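[1] Sequence isn't available, so here's the structure alone:
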């Protein structure tokens, strides 16, 4: 479940039910919205921050902000506001987006902050798909190339929708969304274990959806259908081909 934070009391009520049912939820973090929003963030499994949210919480950034500064400030915000989060992402305008893991699972950890770059996905010169790299403690995805920007309205929402669609498509395909209050392996633990390559493809999917929106006026007109967009089809196919590191939950069959 993804919350946009605009109705914090209603979202908080539903979030408590989700926690009881062992179902993870994500939150669009655009700006501070009061006590209900803070409580909503407390049990979020995943957050997506706007480009200036950390500045609103922590104050102005350093004059010459580096990639490591971005990552360190996002980690500081998550320590203050999202103690139970597994993943956190921030969009950074023309620089694209980056994603950090907040627990020591998967392919990368909180302690791996080396500036040395490791390529997760190569740039595709044919489709203009961006490279996804790992450095400074985060996965970094630049913007999609070959795009004529017409209107940025709704681009952030388009990115979030595309990324989340990719993430949950992967989890569903690999049997990682089966969960219950008594499950020995929670959905949060499964979210934690998603490989970097799968997260990278989901980032690319979000970037592609946002790029197509940027080419049209308004918030909705440019949003692509997967069936009409070959780069999106390729990204979903490659995403689903990434093997899972968690054994799918087997459904129990009871004989009468």
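    Right, received. Where do you want to start? Quick caveat, the model's predicted, so the values are computed rather than measured.
[2] where does this structure have its least confident helix or strand?
    helix 187-192 (a mean of 78; mean pLDDT, DSSP states H and E).
[3] now the helices for the stretch 151-256 of the chain?
    155-173, 187-192, 196-214, 230-241 (DSSP state H, counting those that start in this stretch).
[4] count of residues packed around residue 13?
    Neighbourhood size, residue 13 [other Cβ atoms under 10 Å]: 12. Any C-beta I mention is one placed from the backbone N, CA and C, and that applies to glycine too.
[5] for it, what are its contacts?
    With Cβ atoms under 8 Å, 6 or more residues apart in numbering as the criterion, no residue contacts residue 13.
[6] For the least confident helix or strand of the chain, which helices and strands make contact with it?
    Other helices and strands packing on helix 187-192, by 3 or more Cβ pairs under 8 Å, 6 or more residues apart in numbering; DSSP states H and E, are helix 155-173.
[7] Which elements pack onto the helix it packs on?
    strand 26-29, strand 87-91, helix 187-192, helix 196-214, helix 230-241.
[8] Pick out the shakiest of the ones you listed, pLDDT-wise.
    For the helices and strands packed on helix 155-173, the weakest mean pLDDT is recorded on helix 187-192, namely a mean of 78.
[9] so how far is it from its chain's centroid?
    Between the centre of helix 187-192 and the centre of its host chain there is 13 Å, according to Cα atoms, centre = their mean, to the nearest Å.
[10] next one: stretch 43-50
    On Cα atoms, centre = their mean, the centre of stretch 43-50 falls 8 Å from that of its chain.
[11] neighbouring contacts of that stretch?
    Here stretch 43-50 makes contact (Cβ under 8 Å, 6+ apart) with 15, 19, 24-31, 41, 74, 77-78, 82, 84-91, 156, 160, 163, 187-188, 191.
[12] Ends of stretch 222-241, what's the gap?
    Using Cα to Cα, to the nearest Å, the end-to-end distance of stretch 222-241 comes to 28 Å.
[13] Lovely, talk soon.
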